[in-house]
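> Next come a sequence and a model predicted from it.
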Amino acid sequence: MKHKPISIKSSAGNYSVVCKTCSFRNAMREISALGRWSSVHLLTSPRVKRALGKELRRAFGGSKKCTVHLMDDAENAKHLSTVELAARSLVRSGADRKSLLVAVGGGVVGDVAGFVAASYLRGIPLVQVPTTLVAQVDSSIGGKTGVNLPEGKNLVGAFYPPRLVLIDPLLLKTLPAREFRGGLAEVIKYGVIADPALFSFLDKNMPLVQQRDSAVLDHIIRRSVEIKARVVSQDERESGLREILNFGHTFAHALETLTRYRHFQHGEAVAWGMMCAALLGHEIGVTPADDVSRIVALIRRMEPLPEWPRISPSAMIHAMRSDKKAHAGRIRFVLSPKIGKAQSYESVPLDAVERVLHFAPQFLLRHPRSLGPLSRKKTRG
Ligand SMILES: NC(=O)c1ccc[n+]([C@@H]2O[C@H](COP(=O)([O-])OP(=O)(O)OC[C@H]3O[C@@H](n4cnc5c(N)ncnc54)[C@H](O)[C@@H]3O)[C@@H](O)[C@H]2O)c1
Ligand SMILES: [Zn+2]
């Protein structure tokens, strides 16, 4: 059945993902079906509340048991004091162990709310209602929650699976274009690592994707969620398979770090990172040339991307070696032997990486439009 909930296995309890256009309208019904709650607490941000006010009122306005709590969802507010403020707001409104916390927002709201739910009264149930494309296809699935420290991103957190994830692609209609494109990079990633049919679908329907056609969004979000669900159900704690989700991310994290999170939206860096990973795969004889051209051509249709920064290959390599995911300075790359498959490689010759980093900026010449620096400051990851 097309709209059947997707189930996810987790050591702390299995949960479902409902992925359906207009499902947000019935949020209260879905939440009541999970159990009897003494009270329901929505955690969202002023920006999300402004963008989705009408939908929020329609979904929760009629419920007397429901309290709204607001938090700043800027990346540089994703820290412990925001967790503390949210927990104190819950205490003041009488939230107890039988209360339910509902996160309505992007990945920042979801990560903070997840950590609040994991720790408030040693754990209260959580429902995720993701409102960005990244949150719908990535951050709301898999149970990772947490916040940043001044020393780095996501350094304090917990695995805490929600009771339910409710995905309504209609909520994306107010999302700024750049945030939408960032999420699209992660959708393309799922096609490359796990689903040639999704890849071809994106290729064929890119104009409709970019117009946010609701049937097309419904399809690509659902496929992405199914893929992430399958991967995290098999490898919740990232000891093996989950690593393939990092396709393009080794290069992306280095690009983001070296530009201090001011030049790229995360998905934009992933877009560049995936083109580099495709080329690197070709350099070492893993990725066929045809697949490289298809990957690069599809990603380039995401334009405009910010231009490749003035960074030397050696600085990139140094940043990749210092990444928390590198083992003893050895960089791990996820590469694609063919579209729809991915695997992690540890012994990639550095001269091949260096050659790729020399080629990469040349794609730029074929980018007629590019973007300026990010206006929002981000912290390191
Ligand atoms: N837990 C995980 O597994 C995981 C995975 C990927 C990313 N993340 C985290 O997610 C965060 C990024 O999340 P994101 O990309 O969703 O960005 P975000 O949460 O920063 O949201 C981006 C912007 O969009 C606004 N917004 C949200 N929904 C909207 C809507 N429907 N209409 C209009 N505006 C809307 C927000 O207010 C914000 O300004 C990062 O902190 C990252 O570390 C976590
Ligand atoms: Zn990512």
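Everything's here; your move. Ligands and ions are numbered 1, 2, ... in the order given.
> okay, CA-based contacts and neighbour counts for the rest of this
Noted.
> Flag every residue of the stretch 51-200 of the chain that's near ligand 1.
The stretch 51-200 of the chain comes close to ligand 1 at residues 51, 73-75, 105-109, 111, 131-132, 134-135, 138-139, 144-145, 171-172, 174-175, as judged by CA under 6 Å from any ligand atom.
> wait, is residue 37 part of a strand?
No. Going by DSSP: H, G, I helix; E, B strand; the rest coil, the assignment for residue 37 is coil, not a strand.
> these two touch, right, it and residue 97?
No. Taking contacts as CA atoms under 8 Å, residue 37 lies outside contact range of residue 97: 9.1 Å.
> Using the three-state scheme, assign residue 178.
Going by three-state DSSP: residue 178 is helix.
> who touches it in this structure?
Applying CA atoms under 8 Å, 6 or more residues apart in numbering to residue 178 gives the contacts residue 265.
> how close does residue 184 get to residue 277?
To residue 277, residue 184 is 17 Å away according to CA to CA, to the nearest Å.
> Poorly predicted segments of the stretch 251-381 of the chain, please.
For the stretch 251-381 of the chain, applying pLDDT under 70 flags the ranges 363-381.
> which residues in it form strands?
In the stretch 251-381 of the chain, the segments counted as strands under DSSP state E, counting those that start in this stretch are 333-335, 343-345.
> would JSON lines of those with distance to ligand 1 and mean neighbour count be doable?
Output for those, formatted as JSON lines (distance: least, CA to the nearest ligand atom, whole Å; neighbours: other CA atoms under 10 Å):
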{"stretch": "strand 333-335", "distance to ligand 1": "17", "mean neighbour count": "26"}
{"stretch": "strand 343-345", "distance to ligand 1": "19", "mean neighbour count": "16"}
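> quick one on the thing from earlier: type out the ChimeraX command that picks the buried ones from the residues of the stretch 51-200 of the chain next to ligand 1.
Per 16 or more other CA atoms under 10 Å, the buried members of these correspond to this ChimeraX selection:
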select :51,73,75,105,106,107,108,109,111,131,132,134,135,138,139,144,145,171,172,175
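> In helices, which of the residues of the stretch 51-200 of the chain next to ligand 1 fall?
Among these, DSSP state H puts 51, 107, 108, 109, 111, 134 in helices.
> ok, of those residues, which one's closest to residue 236?
Of all these, residue 111 has the smallest distance to residue 236: 16.4 Å, by CA to CA.
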